[in-house]
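Chemist: Sequence first, then the predicted structure:
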Amino acid sequence: MQFYPNFCTFTVQYANMNASTGRKLKKLLSIVAMSVPFKPVMDKISKMVNVSRNDLTDYFLYMEHAGMVALLRDTTNGIMGLGKVKKVYLDNPNLAYVLGEEASNIGNIRETFFLNQMRVHNRVLLSKKSDFEIDGLTFEIGGKNKGQKQIENIANGFVVKDDIEYGSGNVIPIWMFGLNY
């Protein structure tokens with residue numbers, strides 16, 4: 001993620017942001033934090049946050065540039081893929097505990113951790129059959145009892161599990177992705 005040193009000045013001056021906008025952004029972040037891997041339905045969310053659909057799209061983009069959220073897109077390229085956000089994650093799993101408190105979803109936290117670690121050196125996309133795709137490799141994220149069902153017909157499929165110490169075959173412990181930095 002690239003750091004934008006003048007982002008705050010730019011946002012306040014040109015995006016008509018004020019204290020009310022700050023409260024709406026915090027509410028939007030809380031919605032993301034408490035959701036199971038968050039697939040945005042822009043019309044519904046815009047009503048919950050009390051902003052227009054167009055402003056909501058801008059807010060997600062601003063928050064992505066500020067390093068607050070990560071927007072996951074699919075493999076669609078060109079004009080068809082422009083602006084098509086498939087899932088929204090908080091940038092860092094620690095934010096889920098602050099914003100979502102006890103309502104934080106462990107599945108969301110696992111996926112957020114994986115995305116946070118892997119996007120440092122990779123282009124991470126939404127997989128058509130599983131959670132994530134990176135350079136033709138497919139990753140399904142889950143707890144220690146996660147099975148192979150979602151990736152059983154995928155040649156380069158891996159199950160990333162939480163609460164295990166070591167992997168075997170195409171099963172990888174999630175903690176290992178923390179070594180990516």
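Modeler: Yep, that arrived. Numbers count the residues shown, from 1 in each chain.
Chemist: Next, work out how far apart residue 45 and residue 85 are.
Modeler: With the distance defined as CB to CB, to the nearest Å, residue 45 ends up 11 Å from residue 85. All C-beta atoms are positioned from the backbone trio N, CA, C, and that covers glycine.
Chemist: now swap in residue 137 and tell me
Modeler: Using CB to CB, residue 137 is found at 22 Å from residue 85.
Chemist: what do you get for residue 40?
Modeler: In terms of CB to CB, residue 40 sits 6 Å off from residue 85.
Chemist: Between residue 137 and residue 85, point out the one with more neighbours.
Modeler: Per other CB atoms under 10 Å, whichever of residue 137 and residue 85 has more neighbours is residue 85, with 19 against 14.
Chemist: The residue nearest to that one when sequence neighbours are not counted: what secondary structure?
Modeler: Once flanking residues are discounted, residue 85 sits nearest to residue 71: 4.7 Å by CB to CB, 6 or more residues apart in numbering. Following DSSP: H, G, I helix; E, B strand; the rest coil, residue 71 is assigned to strand.
Chemist: can you map out the strands along the protein?
Modeler: Here the chain has its strands, by DSSP state E, at 69-72, 87-90, 125-126, 132-134, 137-142, 157-161, 171-173.
Chemist: Could you point out the bridge partners of the residue nearest to the spatial centre of the chain in the sheet?
Modeler: By CA atoms, centre = their mean, the chain has its centre lying nearest to residue 89, at 2.5 Å. Under DSSP bridges, the beta-bridge partners of residue 89 are residue 70.
Chemist: ok, now residue 126?
Modeler: residue 132.
Chemist: so what pLDDT did it get?
Modeler: Listed pLDDT for residue 126 reads 92.
Chemist: Determine the number of other residues adjacent to it.
Modeler: Neighbour tally, residue 126, other CB under 10 Å: 19.
Chemist: Could you report the separation of it from residue 72?
Modeler: 5 Å.
Chemist: Pull up the overlap in contacts between these two.
Modeler: 86, 87, 132 (CB atoms under 8 Å, 6 or more residues apart in numbering).
Chemist: which residues sit against the longest helix belonging to the chain?
Modeler: Scanning the chain for the helix with the most residues, using DSSP state H, yields helix 19-34. The contact list for helix 19-34 (CB under 8 Å, 6+ apart) reads 15, 38, 45, 48-51, 56, 59-60, 62-63, 68-69, 88-90, 95-96, 98-100, 103-105, 108.
Chemist: And stretch 169-181, by the same measure?
Modeler: So stretch 169-181 is contacted by 110, 113-114, 117-118, 120-121, 141, 148, 151, 157-162, 164-167 (CB under 8 Å, 6+ apart).
Chemist: again, only using 6 Å
Modeler: Contact partners of stretch 169-181, identified using CB atoms under 6 Å, 6 or more residues apart in numbering, comprise 114, 117, 158, 159, 160, 161, 162, 164, 167.
Chemist: Thanks again, I'm all set now.
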